[in-house]
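Asker: Turn this into a model:
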Amino acid sequence: MTALLEVHNIETAYGSSQVLFGVGLEIAQGEVATLLGRNGMGKTTTVRSILGLTRIRKGQVRFAGQDVGSWATDRIARLGVAVVPEGRQIFPNLTVRENLVAFESNRSGSAAPWTLDKVYALFPRLKERANNMGNQLSGGEQQMLAIGRALMTNPRLLILDEATEGLAPLIREEIWTCLARLRDLGQTTLVIDKYVERLIELADRHTIIERGKVVWSGPSDTLREQPEIWQRYVGV
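Answerer: Numbers count the residues shown, from 1 in each chain. All right, here's what the predicted structure looks like:
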């Protein structure tokens, strides 16, 4: 499979405080991958480095065959990267429909792009709430909206940072079902979450980082057969 995202030995710092020490990962076209680790280990900084929000000091980030390590964030996004950020960050003073159509694009050049109706079919609750303001939604509804908004750009790569953080169990199940549906549709996805058992069922491969370094990477079958790996680096 052709690599869509290639991260090679990146080092990233905030001022004099280095956070990433040679992090690397690859995601193939159509693959679902995860980035795992306890809080504060560098997962979000890795995502920020991929997106150009935090500049890498060393290493390389390649997307769709292009070196994007020095690109501005908006240019990377236009190439077909969409993120569902931790905290969702939807527009509170826009309606659900306005939040969605504001991001309508076809950055992947898909012959069957995501549309408002398709997002509503994926998340019927958003259709019911179409005229509600963003700040009138529950946390679960906001997460659905954040995913729907990202899909409206028709991304080549979808990144979800803390995909189910703080959600009620029933809403979490809806999000897992959604992500499985996207996988079946061939959406290339990078997921950050703490529910490893669910991620093993969802994803193809996993990368675990600790203190800014990759300590393990491999396929779901291996992680399933060796639970001591993730219990050591991810378990509480």
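
Asker: Give the burial count for the closest residue in space to residue 136 that isn't next to it in sequence, as a bare number.
Answerer: Closest residue to residue 136 apart from its sequence neighbours, by C-beta to C-beta, 6 or more residues apart in numbering: residue 129 at 7.7 Å. All C-beta atoms are positioned from the backbone trio N, CA, C, and that covers glycine. The local packing count at residue 129 equals 20, with neighbours defined by other C-beta atoms under 10 Å.

Asker: likewise residue 154?
Answerer: Using other C-beta under 10 Å, residue 154 is surrounded by 22 other residues.

Asker: Low-confidence stretches in the chain?
Answerer: For the chain, the stretches with pLDDT under 70 are 1, 236.

Asker: returning to what we had before: in this structure the residue nearest to residue 136 contacts residue 138, no?
Answerer: No. Counting by C-beta atoms under 8 Å, residue 129 does not reach residue 138; the two are 9.4 Å apart.

Asker: Do a quick rundown of the strands in this protein.
Answerer: Shown for the chain, the strands assigned by DSSP state E span residues 3-14, 17-28, 32-36, 56-63, 66-67, 81-84, 157-161, 188-192, 205-210, 213-219.

Asker: Is it possible to get TSV of these that adds distance to residue 230 and mean neighbour count?
Answerer: Listed next are these as TSV, based on distance: least, C-beta to C-beta, whole Å; neighbours: other C-beta atoms under 10 Å:
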stretch	distance to residue 230	mean neighbour count
strand 3-14	20	18
strand 17-28	16	18
strand 32-36	7	25
strand 56-63	25	17
strand 66-67	32	12
strand 81-84	23	24
strand 157-161	18	24
strand 188-192	14	24
strand 205-210	7	22
strand 213-219	8	16
